[in-house]
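# Got a sequence here, can you model it:
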Amino acid sequence: MTNATGGASQTVRRFSALHFAALMGGNVALAVGPWFVRHADSGPVSAGFWRLFLAIPLLFALAQLGREKVTGFNRATWWAMAGAGVFFGLDIASWHIGIGMTRMANATLFGNSGSLVVIAVGLYALHRAPRSGEWLAFALAIAGSAILLGRSLEIGRSTLIGDLFCIAAGLLYAGYILLLQKPRASLGSWGLVAWSSVASAPVLLATALLLGEPVWPGVWWPLLSLALLGQVGGQGLLIYAMRHFTPLVFGLALLTQPAISVALGWLAFGEALVPVDFLGMAMVAAGLALARSTQD
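Residues are numbered from 1 along each chain as shown. From the prediction side, this is the model:
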């Protein structure tokens, strides 16, 4: 009996660790996206279209391999996935435009502003205010992000329009996540991401054409990287992890992207890190760990 109980506990811990690894892996994959957008020689919104379009066959293949349901949904589910797809298409269009009009730090911070909406709506749905430990977790994550981006964040006339696009993207992304909450409770991750991508791609293509952007690229590697890392890896892992965490944990996990961006800048571009950067990273990590420990 003792051995069986111990084995069960180990299984729970193992799967909990797997879900948390998926949550963080999705954020890492999404954090590198802006670098590929800036290397793409198509327009920024066109890059978003290729990110989704190139990923669709692989997403459906993964859904089939996982024996996930990809047809036969009820009308409410189809509408939820279609609505989420439109939100996600507008989110990517707005964020990719903003990336080219503001600083990388601004784009990273404001593009994740939707995490606050996810947390607020989630707590409202639970009909309660944040507990003391949750307030502390939230404060640590916000303060840590501010420290990390404080040296490079720049608010001014030259970045205002880009900042507004990135804030709009964050709010649209919150709508995408919230619309997928109910379908995600009963459907597979890959199928949801695949169908929402199908709904998003036409929105991005139409927006790119309306803006007069070049659509066909001359260099494909940034777009393939966006498709594999941003859409298959990033969105797939986040949607997979979504059902296993409270909105507070999920929302705070999105705030790890500034820390990841700073770390990537150090690794890929040799950008100097100072002691206060490590303090900011530690605060974000502590906030997420505390939020995880208070999860219902």
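
# Please make it C-alpha for all contacts and neighbour counts, starting now.
OK.

# Return the distance of residue 280 relative to residue 110.
According to Cα to Cα, to the nearest Å, residue 280 stands 17 Å off from residue 110.

# actually residue 27, not the one I typed
According to Cα to Cα, residue 27 and residue 110 sit 15 Å apart.

# swap in residue 120?
Applying Cα to Cα, the value for residue 120 to residue 110 is 17 Å.

# what does stretch 190-199 contact?
Applying Cα atoms under 8 Å, 6 or more residues apart in numbering, the contact partners of stretch 190-199 are 52-53, 56, 59-60, 62-63, 68-70, 81-86, 88-89, 180, 183-184, 235-236, 239-240.

# any idea how far that stretch is from the chain center?
With Cα atoms, centre = their mean, to the nearest Å as the basis, stretch 190-199 stands 15 Å off its chain's centre.

# So for the strand or helix carrying residue 202, what gets flagged as buried?
Using DSSP states H and E, residue 202 maps to helix 189-210. Buried residues in helix 189-210, defined by neighbour count with 16 or more other Cα atoms under 10 Å: 189-205, 207-208.

# Can you show me the CA trace of it as CSV?
These are the backbone C-alpha positions of helix 189-210, laid out as CSV (Å, rounded to 0.1, in the frame of the first residue of the first chain):
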residue,chain,number,x,y,z
SER,A,189,-4.3,21.0,-27.9
TRP,A,190,-3.0,20.5,-31.5
GLY,A,191,-6.5,20.5,-33.0
LEU,A,192,-7.4,23.7,-31.3
VAL,A,193,-4.3,25.5,-32.4
ALA,A,194,-4.7,24.1,-35.9
TRP,A,195,-8.3,25.3,-36.4
SER,A,196,-7.6,28.7,-34.8
SER,A,197,-4.7,29.0,-37.2
VAL,A,198,-7.0,28.3,-40.1
ALA,A,199,-9.3,31.1,-38.9
SER,A,200,-6.4,33.5,-38.3
ALA,A,201,-4.4,33.1,-41.5
PRO,A,202,-7.0,34.8,-43.8
VAL,A,203,-7.2,37.7,-41.4
LEU,A,204,-3.5,38.2,-41.6
LEU,A,205,-3.3,37.8,-45.3
ALA,A,206,-6.1,40.3,-45.9
THR,A,207,-4.5,42.8,-43.5
ALA,A,208,-1.1,42.5,-45.2
LEU,A,209,-2.7,43.1,-48.7
LEU,A,210,-4.6,46.1,-47.4
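
# Buried residues in the helix or strand that it is followed by, which are they?
Per DSSP H and E, helix 189-210 leads on to helix 221-225 as the next helix or strand towards the C-terminus. Within helix 221-225, the residues that count as buried by 16+ other Cα under 10 Å are 222, 223, 224, 225.
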